[in-house]
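Enquirer: mind folding the following:
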Amino acid sequence: MALESRPPSISYFYLNLGGVTAAALTLAWSFVVRPGNGLFALAVAGSVLFIIVASGETLILRGHVRASSGLAQRPLRCVSWAATLQRCLGLLITLAGCALAYWLLPEYQDPFYGPYWRFLRFLGPFVLLLAPIYFRWTGERQLDEEDAYLQLGRFALTMGRSSPERTTLVLHVTGWVIKAFFLPVMVSYFVQVAESTIPSWGEVSFNQLSVFRFGFNFTYLMDLLIAVVGYTLTLRILDTQIRSTDPSLLGWLVALSCYRPIFPLLVGSVYLKVIPAVSWDAELAAYPLLKTLWFLAIMLSLAVYLAASLSFGLRFSNLTHRGIITNGPYRFTKHPAYIAKNLSWWLILMPFISHSGWAEALRNSGLLLLTNGLYYLRAKTEERHLRRDPVYVAYSAWIDQHGLFRAGRKNRVS
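Expert: Reported below is the predicted structural model:
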């Protein structure tokens, strides 16, 4: 059966593109105002991205009144300040659990995470000030009044006599574990990359290698910015809340393996380390046309990767379901980010070429294939998780018939 239309996307691609473009300009401006301050750059660029996309979704897409947000258009009940304070207590208990984990685990004593602690000190007063207002507003409109924060607060006040509902508690805990794991990595990497690359933006030469370096750094810097905003803003009022988390152990293992502290050990220095034997720029210097085509292929892969990231808008997150994305590069395939990222590694590293002989080239190619395999497993576990949503099932069926990598054209609707 041929599907006539693609399911609607939870976010608006061109709105996200506008937000990311404005954020990029803000990044450049921030280093003029405060040179070398990556955390200031994160604060202002992240705020610009949030304001533009959140305003657009609220005014144009009306995300806060979608059924998926779990909120009604009008107040359903009168919420007492006692219930609001119980939710605030539930939030404080959650944050205390995160703080305890950071204090216990040696990984988080590393100076690498210094920017994250400064980020929390900046963000903390806003959270404490706005949390009561947010809980009061959403508490009046939530279709399900018994949310995790209310249940946790009540549990603490009754000294354990009122136990939280298991399903609600599991989603709450796993969602916060995901946020607590990924947000420190994203914030710290952003500040590190920003402070090392933004000052050189004005020195970009118009040669292929210089443009490549700028494009590579810019792509991953904006990707990190989108990730920080996404992990920070899991809010019902924006319909960006976590709807479910990956229930499989394999899904968690392969996702966590692609990030610090596991990925640098696994891929960077131990088992899957690919040692670049050549530079694509130098290796292809004698073949100007091929070098230009190779350069364009690299830049296209980076552009697709960035476009896939910005498609999420305020909903970027690993191991979670926060709505189905069907536009931007996701109009053509279910995993454009993974395809583009892995393809870019082959183009940049060129592991299949080695001046040390065919054995070294074969070894490096095999190692990169194993790294690609991690992302293949990520794609499959993510699909298995998202298939619990009928919208993703419909989207997957539509891609099978209309996508870039469909098996044949016989099912294509003319």
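Enquirer: without its sequence neighbours, what residue ends up closest to residue 224?
Expert: residue 190 (4.1 Å; C-beta to C-beta, 6 or more residues apart in numbering). For every residue, glycine as well, the C-beta is placed using N, CA and C.
Enquirer: look up how far residue 39 lies from that neighbour.
Expert: Between residue 190 and residue 39 the distance, using C-beta to C-beta, to the nearest Å, works out to 9 Å.
Enquirer: just checking, the residue nearest to residue 224 touches residue 223?
Expert: No - using C-beta atoms under 8 Å, residue 190 is not in contact with residue 223; the gap is 9.3 Å.
Enquirer: one step back: joint contacts of residue 190 and residue 39?
Expert: residue 115 (C-beta atoms under 8 Å, 6 or more residues apart in numbering).
Enquirer: which other residues reach stretch 34-47?
Expert: 23-24, 26-27, 29-31, 33, 115, 118-119, 122, 187, 190-195, 198-199, 225, 228-229, 232.
Enquirer: who has more neighbours, residue 190 and residue 39?
Expert: residue 190 (27 against 21; other C-beta atoms under 10 Å).
Enquirer: quick one: the more buried one from residue 53, how far?
Expert: In this view, residue 190 and residue 53 are 18 Å apart by C-beta to C-beta.
Enquirer: same thing with residue 282?
Expert: Distance from residue 282 to residue 53, by C-beta to C-beta: 41 Å.
Enquirer: next one: residue 330
Expert: Residue 330 is 17 Å from residue 53, by C-beta to C-beta.
Enquirer: burial measure for the closest residue to residue 250 other than its chain neighbours, as a count.
Expert: For residue 250, ignoring the flanking residues on the chain, the nearest one in space by C-beta to C-beta, 6+ apart is residue 381 at 5.6 Å. The number of residues packed near residue 381 is 21, by other C-beta under 10 Å.
Enquirer: and residue 381, what pLDDT?
Expert: What the model reports as pLDDT for residue 381 is 97.
Enquirer: buried stuff in the strand or helix carrying it?
Expert: Using DSSP states H and E, residue 381 sits in helix 358-386. By neighbour count on 16 or more other C-beta atoms under 10 Å, the buried set for helix 358-386 is 361, 363-365, 367-368, 371-372, 374-375, 377-379, 381-382, 385-386.
Enquirer: can you pull out the low-pLDDT segments for the stretch 301-414 of the chain?
Expert: 407-414 (pLDDT under 70).
Enquirer: would you map the strands across it?
Expert: 320-321 (DSSP state E, counting those that start in this stretch).
Enquirer: ranges for the helices of it?
Expert: 336-349, 358-386, 390-402 (DSSP state H, counting those that start in this stretch).
Enquirer: the last one vs helix 358-386, what angle?
Expert: Helix 390-402 and helix 358-386 are oriented at 130 degrees to each other (axes from the mean of the first three to the mean of the last three C-alpha atoms, to 10 degrees).
Enquirer: what is helix 390-402 packed up against?
Expert: Packing partners of helix 390-402 (3 or more C-beta pairs under 8 Å, 6 or more residues apart in numbering; DSSP states H and E): helix 358-386.
Enquirer: now do the helix it packs on against helix 336-349, angle only.
Expert: 170 degrees.
Enquirer: off-centre distance for helix 358-386?
Expert: Relative to its parent chain, helix 358-386 has a centroid offset of 20 Å by C-alpha atoms, centre = their mean, to the nearest Å.
Enquirer: and stretch 168-183, by the same measure?
Expert: Counting by C-alpha atoms, centre = their mean, stretch 168-183 comes out at 15 Å from the chain centroid.
Enquirer: who's in contact with it?
Expert: Contacts of stretch 168-183 (C-beta under 8 Å, 6+ apart): 94, 97-98, 101-102, 116, 146-149, 151-152, 164, 227-228, 231-232, 234, 242, 244-245, 256, 259, 317-320.
Enquirer: and with 7 Å instead?
Expert: By C-beta atoms under 7 Å, 6 or more residues apart in numbering, the list of residues contacting stretch 168-183 from outside reads 94, 98, 101, 148, 151, 228, 231-232, 234, 242, 244-245, 259, 317-320.
Enquirer: likewise stretch 310-322?
Expert: Contacts of stretch 310-322 from elsewhere in the structure, counted by C-beta under 7 Å, 6+ apart, are 10-11, 13, 16-17, 20, 50, 53-54, 175, 178, 182, 226-227, 229-231, 233, 238, 240-246, 251-252, 255, 309, 323, 325, 327-330, 385-386, 389.
Enquirer: if we go to 6 Å?
Expert: The contact list for stretch 310-322 (C-beta atoms under 6 Å, 6 or more residues apart in numbering) reads 11, 13, 16, 20, 53, 178, 226-227, 230, 233, 240, 242-246, 255, 323, 325, 328, 330, 386.
Enquirer: so where's the stretch 101-250 of the chain uncertain?
Expert: Going by pLDDT under 70, which is the cut-off in play, the stretch 101-250 of the chain has no low-confidence ranges.
Enquirer: can you pull out the helices in it?
Expert: With DSSP H, counting those that start in this stretch as the criterion, the stretch 101-250 of the chain has helices spanning 114-141, 148-157, 166-197, 208-232, 249-256.
Enquirer: so can I have a markdown table of those showing distance to residue 340?
Expert: Shown next, in a markdown table, are the helices of the stretch 101-250 of the chain (distance: least, C-beta to C-beta, whole Å):
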| stretch | distance to residue 340 |
| --- | --- |
| helix 114-141 | 27 |
| helix 148-157 | 36 |
| helix 166-197 | 19 |
| helix 208-232 | 10 |
| helix 249-256 | 18 |
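Enquirer: can you tell me the closest non-neighbouring residue to residue 336?
Expert: residue 329 (3.5 Å).
Enquirer: repeat for residue 197
Expert: Here the residue nearest residue 197, using C-beta to C-beta, 6+ apart, is residue 217, at 4.1 Å.
Enquirer: any idea how far the one you found is from residue 346?
Expert: 19 Å.
Enquirer: what about residue 334, neighbour count?
Expert: Residue 334: 20 neighbours (other C-beta under 10 Å).
Enquirer: surely it and residue 400 touch.
Expert: No - when contacts are counted by C-beta atoms under 6 Å, residue 334 is not listed as touching residue 400 (9.2 Å).
Enquirer: residue 284 and residue 152, how far apart?
Expert: Counting by C-beta to C-beta - residue 284 and residue 152 are separated by 58 Å.
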